[in-house]
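In: quick one, structure for this:
(chains A and B)
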Number of protein chains: 2
Amino acid sequence: MRSVGIVGIGHTKFGKSRVSYTDMACEAALQALKDAGVTPLPGHGIDQVLLATMGASMINHQSGAASAIVDTLNLRPAMAETVENGPASGASAIKLGYSMIASGLADTVLVIGAEMMRKVSGWEGTDFVATMLHPEAEYPYGMTLPALAGMFTRLIMGKYGLTSKDLALLSVKNHSNAMHNPCAHIRMVPDLEAITADEDIETVNPLVADPLRLYDVCPVSDGAAAVLLCAMDVADRFEKKAIRVAGIGQATDTHAVAEREVPTDLLAVRMAAQRAYEMSGLLPTDIDVAELHDAFLILEIVESEEVGFFKRGEGHLALREGKTQIGGEIPINTSGGLKAKGHPLGATGVSQTVEIVRQLRGEAEGRQVEGARNGLVVNFGGFGNNVVALILSKDA
Amino acid sequence: MRSVGIVGIGHTKFGKSRVSYTDMACEAALQALKDAGVTPLPGHGIDQVLLATMGASMINHQSGAASAIVDTLNLRPAMAETVENGPASGASAIKLGYSMIASGLADTVLVIGAEMMRKVSGWEGTDFVATMLHPEAEYPYGMTLPALAGMFTRLIMGKYGLTSKDLALLSVKNHSNAMHNPCAHIRMVPDLEAITADEDIETVNPLVADPLRLYDVCPVSDGAAAVLLCAMDVADRFEKKAIRVAGIGQATDTHAVAEREVPTDLLAVRMAAQRAYEMSGLLPTDIDVAELHDAFLILEIVESEEVGFFKRGEGHLALREGKTQIGGEIPINTSGGLKAKGHPLGATGVSQTVEIVRQLRGEAEGRQVEGARNGLVVNFGGFGNNVVALILSKDA
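Out: Below is the predicted model of the structure:
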């Protein structure tokens, strides 16, 4: 199998986009091409474009959006497809891009994740996200993602002693990291005392889905991110030194959360990470920096256990000890995470990958993990029913 | 690169489905698994599921539909993604499935194409299809696919002398083929005299988009099709002898049709076919049977020229001479084509592939092309802005 690396990255400012869906996606793509030193003129050498999105058709009323992007970028006759795997669409597209190169069908693949979801708000937005739930066993009963996350958090609290204060502490950590990420949607750090005080709590930090409050859940963001993948054997065509995609793992779990044997486990995260470790030949202790999927903060805690950083039920203890902050044992979500950087669904896995590339290149100004050589991405689809893990490595 | 083959096929009756979207997709998938001799129990050996659809989220309000299908089929923890490339989603998913196997990331990939589009009718249905057009240059001006096809047909008529009667003749050919395909949506043969007579024409064969009439355009269909891909080096695990995927080609063209230098050319069809021929080492004259994308009948004519079967402007002459009917020089759309078999968008490319597999296996009862060894599929996205060509071969 041919080795595959990343030679270009791009990332829009997450938040509220003022341009069209296509233009937003192209902005990230052009940054990635520029970063790699590619000019989109005839002979550009881009063989394939993969667009990751969950809502381009449902929200933005566009199908074949990948073809529109190829044309707008002047990359014709490059191949193009759209890839969807709920909020894990981004890492899924990177996986399929990897396979196109490793198989020899392409030498270069531009992967773009883009979601413009602030067009829908309130209940309509929650409903859009809920379309990823089980179409017979969950969605028709009014189940939503925040509701599932609330119940999941309650179970973890009861089982392992995690408290609301732990979540607030995690919120402060991720928001603090986002202060150093110019692309982050939310750049303010909540006051730990204020968001956990009894007084005025419904004003300062209102309930979203008990026990989850505003500062425990990600915002609704527009945004796009892009990475240029290439075969390591053609990497010298590009300006930047390639960061190698060393491991890929993916697993599905029951689509309905209620059908899981142990409802507090995230089995697909464990299996996906395990497969990525096996492919890369690395161990959890080899990972220097990780982007974990914290659409709800509780997920960062449980994922940090499932990927083998901490023992089961001890993720929140590691957080309290500062092990997951920058400078700690294993910094998690240096980008600010989905919580503070924002979570434009289809863009997220690509955005997480961009952050790891920045860290391994030593370009994560203000939030750099010194000497980082190996990084992990966990991109979480549904409520853990389809998870993709990626391991990136900086070669000597 | 590892060789890849097809060892299982499945196909629902196209038309109006009475079951849920997931169940319809699973029906085709279970047929393909059964055909290959696979039981979906632990140890089933299916590594990846790819779902091709354009409307699962827009029409059926489901995202992550591939994950729901994996779970319903009891194929957990298989990897799963949804692939979208407008009406070429099916062949795109086969291409990406091929790459997963050729790269070594998977040994087996179940590709399912499924579209349930009869939920929307009339203008709403036309609008759904029109979302594949250029989001700035076509869609906002009220452009639709039938309108583009009408104008395209007019140009071809003026340039090469094709007539409405030629289209009617082609309609009769494809409808006649569909009479032998139990999965076809429409199983009746229109009367050539009646659909071309001046008398009562608006009742018998009403205008859709001048000069196209009812019998010149495909119906709106629900349906699903599935193929099980595997590495040729593990093909002996399965009951059926593998049909090899010998060539894959894909190309994009300008997203807006008005921007094409020669508006009567289908450049992406030509380039995609050329690449597929190169990869397979075959020539147009080596192809024994072809499924071409006749969502509008005119496309079959022009594609038959672009893929090299006939000279430019002579496709309709070949039709008149019977060269494209069963028993002719190069039988096209033995399944009935999109025109008579139906065109559930995301299912189409997979359905076309199923027909070629049947032909190469010698299982196309009543419509068998004797001695067929190599078959071509052309799956057409947008109005020719993203085209995928596949060549399948029966090894000695």
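In: so residue A:117 touches residue A:58, yeah?
Out: No - applying CB atoms under 8 Å, one finds residue A:117 not in contact with residue A:58, separated by 9.6 Å. C-beta coordinates here come from the backbone N, C-alpha and C atoms, glycine included.
In: shared neighbours of these two, which are they?
Out: Taking CB atoms under 8 Å, 6 or more residues apart in numbering or on different chains as the criterion, residue A:117 and residue A:58 both touch residue A:128.
In: those two: which is more packed in?
Out: Here residue A:117 and residue A:58 are compared on neighbour count by other CB atoms under 10 Å in any protein chain shown; more neighbours surround residue A:117, at 25 against 22.
In: list the contacts for the more buried one?
Out: Contacts of residue A:117 were listed using CB under 8 Å, 6+ apart, and they are A:55, A:59, A:125, A:128, A:220, A:221, A:222, A:344, A:345.
In: doesn't the second one belong to a strand?
Out: No - Residue A:59 sits outside any strand when classified using DSSP: H, G, I helix; E, B strand; the rest coil, being coil.
In: looks like it contacts residue A:128 (just checking).
Out: Yes - with contacts counted by CB under 8 Å, residue A:59 reaches residue A:128, the gap being 6.2 Å.
In: where do the helices sit along the stretch 101-250 of chain A?
Out: Ranges of helices within the stretch 101-250 of chain A are A:122-130, A:145-160, A:164-178, A:192-196, A:201-204, based on DSSP state H, counting those that start in this stretch.
In: coming back round to it: tell me the least confident of the contacts of residue A:117?
Out: Lowest pLDDT within the contacts of residue A:117 is found at residue A:125 (92).
In: look up how far chain B lies from the nearest residue to that residue once chain neighbours are set aside.
Out: Leaving aside its chain neighbours, residue A:125 sits nearest to residue A:220 (5.7 Å; criterion: CB to CB, 6 or more residues apart in numbering or on different chains). Distance check for residue A:220 against chain B: by CB to the nearest CB, to the nearest Å, it reads 16 Å.
In: for residue A:220, what are its contacts?
Out: Taking CB under 8 Å, 6+ apart as the test, what residue A:220 contacts is A:117, A:118, A:121, A:125, A:343.
In: sort these by pLDDT and name the bottom one.
Out: Across these, the member with the lowest pLDDT is residue A:121, scoring 78.
In: need the phi and psi values for it.
Out: Residue A:121 has phi and psi values of phi -140, psi 170 when expressed as degrees, to the nearest 10.
In: can I get stretch A:179-192 in PDB? Just the C-alpha atoms.
Out: Extracted as PDB, the C-alpha positions of stretch A:179-192 are listed here (Å, rounded to 0.1, in the frame of the first residue of the first chain):
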ATOM      1  CA  MET A 179      -8.300  32.000  22.600                       C
ATOM      2  CA  HIS A 180      -5.100  31.100  20.700                       C
ATOM      3  CA  ASN A 181      -7.000  29.800  17.600                       C
ATOM      4  CA  PRO A 182      -7.900  32.700  15.300                       C
ATOM      5  CA  CYS A 183     -10.300  30.400  13.400                       C
ATOM      6  CA  ALA A 184     -12.400  29.500  16.500                       C
ATOM      7  CA  HIS A 185     -16.000  30.500  16.600                       C
ATOM      8  CA  ILE A 186     -16.100  31.500  20.300                       C
ATOM      9  CA  ARG A 187     -13.200  33.400  21.700                       C
ATOM     10  CA  MET A 188     -14.000  34.200  25.300                       C
ATOM     11  CA  VAL A 189     -13.300  32.200  28.500                       C
ATOM     12  CA  PRO A 190     -16.300  31.700  30.800                       C
ATOM     13  CA  ASP A 191     -15.800  32.400  34.500                       C
ATOM     14  CA  LEU A 192     -15.600  29.100  36.400                       C
END
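In: next, the buried residues of that stretch.
Out: Within stretch A:179-192, the residues scored as buried using 16 or more other CB atoms under 10 Å in any protein chain shown are A:179, A:180, A:181, A:183, A:184, A:185, A:186, A:187, A:189, A:190.
In: which of those residues lies closest to chain B?
Out: Taking CB to the nearest CB as the measure, chain B lies nearest residue A:185 of those, at 21.7 Å.
In: low-confidence stretches in chain A?
Out: Scanning chain A for pLDDT under 70 picks out nothing.
In: point me to the residue sitting farthest from the middle of it.
Out: When distances are taken from the C-alpha mean of chain A, residue A:199 lies farthest, 34.3 Å away, according to CA atoms, centre = their mean.
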